[in-house]
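In: Please work out how this folds:
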Amino acid sequence: MEPTDWENRIKELEKANLILREKLETSEAERSQLEALNQEKEFLLKTVTQKFIDSEKILKERMSTLEKALENQQAMQIKLIEAEKMSALGILVAGIAHEINNPVNFIYGNITYVNDYTGDILKLLEMYQNRYTETDAEIEDFLEKIDLNFLREDLLKTLASMKVGSERIREIVLTLRNFARVDEAEKKPVNIHEGIDSTLLILQNLTKEKPGYPAIEIMKDYGNLPKIECYPGQLNQVFMNIINNAIDAVRERDKKRSLGEIEVNPSQIVITTSIISGNRVRISIKDNALGMNEAVKGKIFDPFFTTKPVGHGTGLGLSISYQIVVDKHGGRLECISAVGEGTEFAIEIPIAKSRSYSS
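Out: The predicted structure follows:
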C-alpha cells in the first residue's frame, strides 16, 4: 500500500475515533441525565409513599377519634335518656306521694277527733247503762247480739290501729318525697342518711325473704354527720344504683348455696358513713357476695359494661353514678373488690365548700 493510502486510512480512523468519542461522551451525558432523573423519580416515589403512609395514619387516627366521639355521643344519649327516666320517675313518685298525702292527712287528722267522739259516746252509753239498769227485751237482745263489751274494747283498738296505719303511710309518703326531690336543681344541705333510708325503703321488697332464700341483712353504721351540700335527688340515684347492684350480687351468690349455707353465713349489705377529713364525708356500701376480678373491676365504670345477663341491665348505672359523684360533686367513687371477698363501693364527697368539721 502506498504512503498516501496509509495517511488516508489513518485520517479515516482518527475521524471514526473522534466520532466514537463524541458518541461516548454523549452517551455518558445521557446516562448521567438518566441517573439524575431516576434519582429524582425515586425521591418523588419515596415522598409520595411517605405522604401516603402519613395520610393513612392520620385517617386511622381520625377514624378512631370519630369512633370514640360516636361512642361518647351514644353513651351521652343513653345517659340523657336514663336521666330523663329518673327525672320522670321522680316526678311520678312525687306526684303519687302528693296525691296519697292529701287523703292520708285528712284521715290522720280526723282519727284523733273520731277517737275522742267515740270515747264520749261510749262514756255516755255507760252512763245510760248505770242510770237505767232495766231495759226492755228488744234492747237486751240487740246488746247480746252485738256483744257490746267486745265492741267497746275492739272499737278503740281498731281506731288505734287505724292511727298507727295512717302514721306509717305518712312516713312512706315522706320517704318517697325525700327520695324524689324533683324540685331541687341546685345544691342544698341535706341529711344523707334520710336519702339512704329512703332508698332502702324503696328497695325493701328486693331484700325481703323469698321462697328458698332468707332476707338480706342490711346493717347500718351511721356516723355523726352534718348536713351535706349536694344534689339530693342525684345522690339518691347513686345510692339506688349501688345498693341495687349489691342486692343482685348477693342474690346471685345465694343461687349457688344451699339454704343451710345461707343461714350459717347470711347475705349482708353493710352501709357505713363517716367523716374522713375536715371537709369530706365517706359513704361505704359493702356486700359479701362473690366479688370480682381485676379485669372486671377495671371496666366497672365504663358505659355499657355489665356482668348481668342480657335484658337485666343497661351497663350505665355505675357510669352515671361515677359522673354524678366525680363531675357533679367533685368527689371520688372507688370500687374495692377481690374474688371471693365481696365488693365495696366507697363514695367520698365534700361536706361543704367553705366549712370544715371535726370528727
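In: got the contact list for I247?
Out: Residues near I247 by Cβ atoms under 8 Å, 6 or more residues apart in numbering: L203, L206, T207, I216, I269. All C-beta spots, glycine's among them, are computed from the backbone N, C-alpha and C.
In: any idea of the mean pLDDT for the strand or helix carrying E153?
Out: For E153, the enclosing helix or strand under DSSP states H and E is helix 148-180. On average, the pLDDT along helix 148-180 is 80.
In: Using JSON lines, please lay out the contacts of I247 together with distance to A249.
Out: Converted to JSON lines, the contacts of I247 look like this (distance: Cβ to Cβ, whole Å):
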{"residue": "L203", "distance to A249": "13"}
{"residue": "L206", "distance to A249": "12"}
{"residue": "T207", "distance to A249": "13"}
{"residue": "I216", "distance to A249": "10"}
{"residue": "I269", "distance to A249": "9"}
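In: Of all the residues in the helix or strand where Q237 lies, which ones are buried?
Out: Here Q237, judged by DSSP H and E, is contained in helix 232-254. Residues 232-251, 253-254 are the ones in helix 232-254 that count as buried (16 or more other Cβ atoms under 10 Å).
In: any low-confidence regions in the stretch 201-350 of the chain?
Out: 304-316 (pLDDT under 70).
In: Tell me which stretches of the stretch 251-359 of the chain form helices.
Out: 259-264, 294-299, 317-322 (DSSP state H, counting those that start in this stretch).
In: winner for burial among these?
Out: Comparing the helices of the stretch 251-359 of the chain by mean neighbour count (mean count of other Cβ atoms under 10 Å), helix 317-322 ranks first with a mean of 22.
In: Mind giving me the packing neighbours of that helix?
Out: helix 3-131, helix 232-254 (3 or more Cβ pairs under 8 Å, 6 or more residues apart in numbering; DSSP states H and E).
In: Now render the ones you listed as CSV, adding distance to S274.
Out: Shown next, in CSV, are the helices and strands packed on helix 317-322 (distance: least, Cβ to Cβ, whole Å):
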stretch, distance to S274
helix 3-131, 27
helix 232-254, 16
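In: Filter the contacts of I247 down to the ones in strands?
Out: Among the contacts of I247, the members found in strands (DSSP state E) are I269.
In: and the contacts of I247, which two are the farthest apart?
Out: Across these, no pair lies farther apart than L206 and I269, at 10.7 Å, counting by Cβ to Cβ.
In: and these two? which has more neighbours close in?
Out: Just comparing L206 and I269: by other Cβ atoms under 10 Å the higher neighbour count belongs to I269, 24 against 13.
In: Specify the beta-bridge partners of that one.
Out: Counting by DSSP bridges, I269 is bridged to I218, D287.
In: follow-up on the earlier one: need the least confident one among the helices and strands packed on helix 317-322, by mean pLDDT.
Out: helix 3-131 - the lowest mean pLDDT of the helices and strands packed on helix 317-322, at a mean of 78.
In: ok, and what's touching whatever helix or strand comes next after that helix?
Out: Following helix 3-131 in sequence order, the next helix or strand is helix 137-146 (DSSP H and E). When contacts are defined by Cβ under 8 Å, 6+ apart, helix 137-146 is touched by residues T135.
In: so how far is helix 137-146 off the chain centroid?
Out: 65 Å (Cα atoms, centre = their mean, to the nearest Å).
In: That one to helix 3-131, inter-axis angle?
Out: Computed by axes from the mean of the first three to the mean of the last three Cα atoms, to 10 degrees, the angle separating helix 137-146 from helix 3-131 equals 150 degrees.
In: So which bits of helix 137-146 are buried?
Out: Within helix 137-146, no residue qualifies as buried by neighbour count (16+ other Cβ under 10 Å).
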